[in-house]
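Q: Generate coordinates for the sequence data below:
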Amino acid sequence: MAINKSMRRVLKALSFDGIEVEASRHLANLKAIDPMKIFHKTIDYKIYNGNHQIPVRIFLPGEKMEDDLPVFLFFHGGGWVTESIDNYERICARLASATEHIVVSVEYRLAPEHPFPTGFMDCYAVAKAIYTNRFILNVNPQRITLIGDSAGGNLAAAVSLKARDDGIFKPQRQILIYPAVNNDYNETSRFQSVKDCGSDYLLTAGKMRDYIDFYAAREEDKKNKYFAPLMETDYRNQPDTLILTAEFDPLRDEGEEYGKRLKEAGNYVEVHRIKDALHGYFALGIRYFHVQESFELINQFLSRRE
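A: Got it, this is the predicted structure:
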């Protein structure tokens, strides 16, 4: 559905800068109180990163565990500051049923209490455990796909880069949904979407600046390629990649630029811009056209590359 003038006025009124961490978390947690909750078979498990136990929740696509099912390793969004596996129950359950994949959702630690690289290393530790068969499920590494939305897309991209650099495991596919892969959301940003969509479409450039500041332990972190994957200079040997961007999203152009760089380095890449969509649309119900279109694109990508 196109965004008309009335909708634009409402969106503008709801778009404001500034992140108050606890208030944002309380608001996000309301999603866990879901009267339309999808009841799905789940298994809770924990994986170690050093002495820390990382909770993960496993969503099954059916009532029974079947052998050799493909797996999504899912990293949730929330600006590295909010959200949880509880808040993402509906999204992960829907993802499992719509794609016939097991979904493993990761409860990585959040900033500002745990700034970079803590949450990122939690995600990497879970990926390493699953890809190297140190997990409750017997998973074929060739059938695992990394996936995340927004900050989760950032984490998926960063895990892929570190996996290549370390050489311990090799992701075959990644799906990045409106990923945050840059570090600059000021007026001087070279990306036009920050200027065009950074004030009136819910997620603002000002909020992104706050999220980045909360996530960074120190200023030099912002130049780290695992913090902002667009800081990388070598994009060779990356997984087959699907990137979905939203038309009215300050992160739109950086996600598309990331896809361009991956493709120029010789990787298989698909980039699709979802028309009239806002940042965060993937959390809407399956009846929304943007979500339906996204699942069609995801399943087409998987059918070509799995």
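Q: residue ranges of the helices in the protein, please?
A: 5-14, 21-29, 89-99, 118-131, 151-166, 192-197, 205-215, 252-264, 289-305 (DSSP state H).
Q: Redo these as JSON lines? Include distance to Arg236.
A: From N, CA and C alone the C-beta is placed, and that goes for glycine too. Listed next are the helices of the chain as JSON lines, based on distance: least, C-beta to C-beta, whole Å:
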{"stretch": "helix 5-14", "distance to Arg236": "40"}
{"stretch": "helix 21-29", "distance to Arg236": "37"}
{"stretch": "helix 89-99", "distance to Arg236": "28"}
{"stretch": "helix 118-131", "distance to Arg236": "20"}
{"stretch": "helix 151-166", "distance to Arg236": "8"}
{"stretch": "helix 192-197", "distance to Arg236": "27"}
{"stretch": "helix 205-215", "distance to Arg236": "27"}
{"stretch": "helix 252-264", "distance to Arg236": "9"}
{"stretch": "helix 289-305", "distance to Arg236": "18"}
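Q: Between those, which one is closest to Gln53.
A: helix 118-131 (10.1 Å; C-beta to C-beta).
Q: what's the closest one in contact with?
A: Contact with helix 118-131 is made by 47-49, 52, 54, 56, 71, 73, 75, 80, 104, 106, 108-111, 134-135, 137, 139, 141, 144, 146, 155-156, 158-159, 162-163, 168-171, 215, 226-227, as judged by C-beta atoms under 8 Å, 6 or more residues apart in numbering.
Q: right, and Thr99 touches Leu297 too?
A: No. Thr99 lies out of contact with Leu297 (C-beta atoms under 8 Å); the separation is 11.4 Å.
Q: Can you list the low-confidence ranges for the stretch 51-200 of the chain?
A: 63-67 (pLDDT under 70).
Q: cutoff 80 now
A: 62-68 (pLDDT under 80).
Q: Now Tyr201: closest residue in space that isn't a chain neighbour?
A: Phe248 (4.4 Å; C-beta to C-beta, 6 or more residues apart in numbering).
Q: Let's have the helices of the chain in TSV, adding mean neighbour count and distance to Ile177.
A: Shown next, in TSV, are these (neighbours: other C-beta atoms under 10 Å; distance: least, C-beta to C-beta, whole Å):
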stretch	mean neighbour count	distance to Ile177
helix 5-14	11	20
helix 21-29	14	17
helix 89-99	21	10
helix 118-131	23	15
helix 151-166	24	6
helix 192-197	19	16
helix 205-215	21	16
helix 252-264	21	9
helix 289-305	16	7
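Q: out of those, nearest to Asp234?
A: Short answer: helix 151-166, nearest of the helices of the chain by C-beta to C-beta, at 9.0 Å.
Q: elements contacting the closest one?
A: Where contact means 3 or more C-beta pairs under 8 Å, 6 or more residues apart in numbering; DSSP states H and E, helix 151-166 is packed against strand 71-75, helix 118-131, strand 144-149, strand 173-177.
Q: Including distance to Glu264, could these go into TSV?
A: Shown next, in TSV, are these (distance: least, C-beta to C-beta, whole Å):
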stretch	distance to Glu264
strand 71-75	25
helix 118-131	25
strand 144-149	21
strand 173-177	16
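Q: looking at those, which is closest to Phe289?
A: Per C-beta to C-beta, nearest to Phe289 of the helices and strands packed on helix 151-166: strand 173-177, 15.9 Å.
Q: Please report phi then psi for Glu187.
A: phi -60, psi -20 (degrees, to the nearest 10).
Q: Could you check how far the residue nearest to it when sequence neighbours are not counted is from Asn186?
A: Leaving aside its sequence neighbours, Glu187 sits nearest to Lys195 (C-beta to C-beta, 6+ apart; 7.1 Å). Here Lys195 is placed at a distance of 10 Å from Asn186 (C-beta to C-beta, to the nearest Å).
Q: about what we covered before: tell me which of the helices of the chain lies nearest to Pro239.
A: Closest among the helices of the chain, once you apply C-beta to C-beta, is helix 151-166, at 5.5 Å.
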